[in-house]
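>>> below are the sequence and a predicted model; questions follow.
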Amino acid sequence: MQCQTLSSDPERETRIRSVLERSGRRPPSPPPATARPAPSAATASTPSSAPSAKEENAAGTLPTFLDVYGEDYEADPRLTELPDDDDKTESEAKMGSMTDLSSAGNTLSAEKEAATAARVKQEEQMDTDDVKLKQEIAEDATRGEGIGNGLKKSESFTGSVKCESLTADGSREREVADDLPAPEVDDVVSKLDPSLADKYRHLADSRFKQEFLANLIGNQDRDWDNLSYDPQRDGLQRVSAIDAELLEQSGRPGPLDEFRHSLPAHQQRAHILELVRHHQVVVISGETGCGKTTQVVQYLLEEAAAAGRGSLCHVVCTQPRRISAVTVAERVARERGATVSSTGDGQVGYAIRLDHRQPRPQGSVLFCTTGVLLQRMQTEPTLARVSHLVIDEVHERDTLSDFLVTIVKGILPTRPDLKLILMSATINSAEFSAYFNNCPMAHIPGRAFPVEAFYLEDVLQMTGFQFFPGGGSQGGGRPRWSQRQENAERAAEFRQLIDPYVSQLASAPPAVRPYSDQVLRSLSVPESEQFDPDLFVATVRHVCLREQPQEGAVLVFLSGWDEIGKVHKAIKEDPVLGDGSRYLILPLHSMMPTIEQREVFERPPPGQRKIIIATNIAETSITIDDVVFVVDGGKVKMKNVDKNRNVGCM
């Protein structure tokens, strides 16, 4: 092995040799006299009591710790001599933080180089079949005995390890060295299959890595085609204290019982519970605001509590959006006279990405996003600790929701005691029933409110807003020929559709004509089909200044985040609506932080009106109870597949 001399200072070499002797290591024997060159005139006067490390290794003696790593750093001149303790090792010697690779012209950390070489040692050892050695490595890692912390088993490693060193001319070569200090070993990695262990071994140790690899360990040996479930071993067990608590609570009135009884869902309570009691899968449809999301989960828990088996009930309800999971959990907790606690002992909780307030594992209700439940099923594939699974907003048919429905259908034979409830905001739920062998369906009617609808021509008549030919272009500049051709085709289709309607309105006598000539001209302009932020500003201004009542929130439906941003900016710049003391402008989108999304549910102070600019997230996923005016843009972005190009598009 060829190594560069660490130092020409004989006093330093003597101290290093003394450190090795105190640690129980055999110091290298002096080489034969013939192996040493005769000193030159320049060095003859320099006293030398010990040969250099390079000369010792050239003679073929056992390399020391410093021989292995010495070529990669320059020892600190302020090297501290260790006390005369028998249990000290050379790895505890304090070294300089930065080192100079003289021939390579680089600066590297000595500890980092040592850890790199030690990792090579670890990989060699982990490839062996010595189970006892692997167990000792794992025990060392558990006790935190890593590099620099005095690992005691460095002498127990046998065999050779290849490590990289510098030759005298500055090039790198692979050398063989023994007696490397034992590395810090990740116990989780040692439990993986060799192929997986090699794949993820390079990742830095972190909590995320531990949890991620723990999932892999739990999945690598599982037979996914033959899942097993034992209710006595895996399922929920009776807890008398929880049973007594829920039974006592079911006998007293709740703080919002009057409101709960006024919801349309309350009229279907007995019917829904009867279906769930006698069928494993039930499909429930109901219009927005009927109470299906907040009430059905409570009905399930209340029935179990009244029967004295509340501890055997753990309801999990999935929501497609984070804001839905959080707000519904808070609402249900408030109706039950409780709060969403972060201590893990409450009846109601939620779990979303980057935020969770878990309830107790039994006698409780958990609202979570679909992705969170899928993540849970990696380690709990049969949902052994869940008694009822409610998949809400299943009609949206997003990828995660459809995937969850497919997976759950596969585990139902293994879990005959698991109840699955699919809830949809549309009455057309027959396809879900057919997918689950024609399972029973229940429908909750919505509450009828007096609603007056106004269409585009009515808005143009009330606001005086006009569309002009060639106006409303958002891009600026002259469009390309292909775009002009596409616009011409769309304009022809538009006129073919709208001209008969406009002609019919124009043919009426002026005395009974419902709309002015200005409105009819605007309706005939193809630009009336384009998105125009000024139209929304004019509509909201008219609602806030001229329509009754003058209280209550205004909800504006738009198709996406870009449209929300443009309308929000236009309203803020309006001289009337931009008055922050009178109007509170709140955008609402699923990409926004949860804490900002919650603001739309709070009542504004007296004298201030709330204007909410949202996508269809506010149509079915959530209910804002103080909205009295809705401005609907009439467009929504839908995901589709281009069959010709085989790509997804909006």
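Ah, there it is.

>>> what residues of the helix or strand where Gln504 lies count as buried?
Per DSSP states H and E: Gln504 is located in helix 481-506. Buried residues in helix 481-506, defined by neighbour count with 16 or more other C-beta atoms under 10 Å: Phe494, Ile498, Val502. Quick note: C-beta positions are derived from backbone N, CA and C, even for glycine.

>>> go on, stretch 275-287?
Under the neighbour-count criterion of 16+ other C-beta under 10 Å, stretch 275-287 has Leu275, Val276, Gln280, Val281, Val282, Val283, Ile284, Ser285, Gly286, Glu287 buried.

>>> determine which two of those are furthest apart.
Gln280 and Glu287 (25.8 Å; C-beta to C-beta).

>>> quick one: Gln518 and Phe465, what's the gap?
Noted for Gln518: a distance of 10 Å to Phe465, by C-beta to C-beta, to the nearest Å.

>>> who has more neighbours, the two?
Phe465 (21 against 13; other C-beta atoms under 10 Å).

>>> against Glu303, how distant is that one?
54 Å.

>>> give the next helix or strand downstream of the helix holding Gln504.
helix 517-524.

>>> contacts for that following helix next, please.
456-457, 460-461, 464-467, 495, 498-499, 501-502, 505-506, 528 (C-beta atoms under 8 Å, 6 or more residues apart in numbering).

>>> again, 6 Å this time
By C-beta atoms under 6 Å, 6 or more residues apart in numbering, the list of residues contacting helix 517-524 from outside reads Glu457, Leu460, Gln461, Gln466, Phe467, Val502, Ala506, Ser528.

>>> need the three-state assignment for Phe468.
coil (DSSP: H, G, I helix; E, B strand; the rest coil).

>>> what's the pLDDT at it?
The model reports Phe468 with a pLDDT of 80.

>>> can you get me the start-to-end distance on stretch 193-205?
Its first and final residues considered, stretch 193-205 spans 18 Å by C-alpha to C-alpha, to the nearest Å.

>>> ok, and for it, which residues are buried?
In terms of neighbour count (16+ other C-beta under 10 Å), stretch 193-205 has its buried residues at Ala197.

>>> what's the answer for stretch 390-398, then?
For stretch 390-398, burial by neighbour count (16+ other C-beta under 10 Å) applies to Val390, Ile391, Asp392, Glu393, Val394, His395, Glu396.

>>> that one: end-to-end distance?
16 Å.

>>> next: stretch 195-206.
Stretch 195-206: ends 21 Å apart by C-alpha to C-alpha.

>>> show me the beta-bridge partners of the residue lying closest to Lys292 once chain neighbours are set aside.
The shortest distance from Lys292 to any non-neighbouring residue, by C-beta to C-beta, 6 or more residues apart in numbering, is to Gly286 (4.1 Å). Going by DSSP bridges, Gly286 is paired in beta bridges with Ile444.

>>> for the contacts of helix 517-524, give me TSV that also has distance to Cys649.
Shown next, in TSV, are the contacts of helix 517-524 (distance: C-beta to C-beta, whole Å):
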residue	distance to Cys649
Glu457	31
Leu460	32
Gln461	36
Gln466	33
Phe467	28
Val502	32
Ala506	38
Ser528	25
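
>>> what subset of those is buried?
Glu457, Leu460, Gln461, Phe467, Val502, Ser528.

>>> mind saving the C-alpha coords of stretch 408-416 as CSV?
In CSV, the C-alpha atoms belonging to stretch 408-416 read as follows (Å, rounded to 0.1, in the frame of the first residue of the first chain):
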residue,chain,number,x,y,z
VAL,A,408,-61.8,-1.6,-1.3
LYS,A,409,-63.9,-3.9,-3.5
GLY,A,410,-61.1,-6.4,-3.5
ILE,A,411,-60.8,-6.5,0.3
LEU,A,412,-64.6,-6.8,1.1
PRO,A,413,-64.5,-10.6,0.9
THR,A,414,-61.7,-10.6,3.5
ARG,A,415,-63.5,-8.1,5.7
PRO,A,416,-67.2,-9.2,5.8
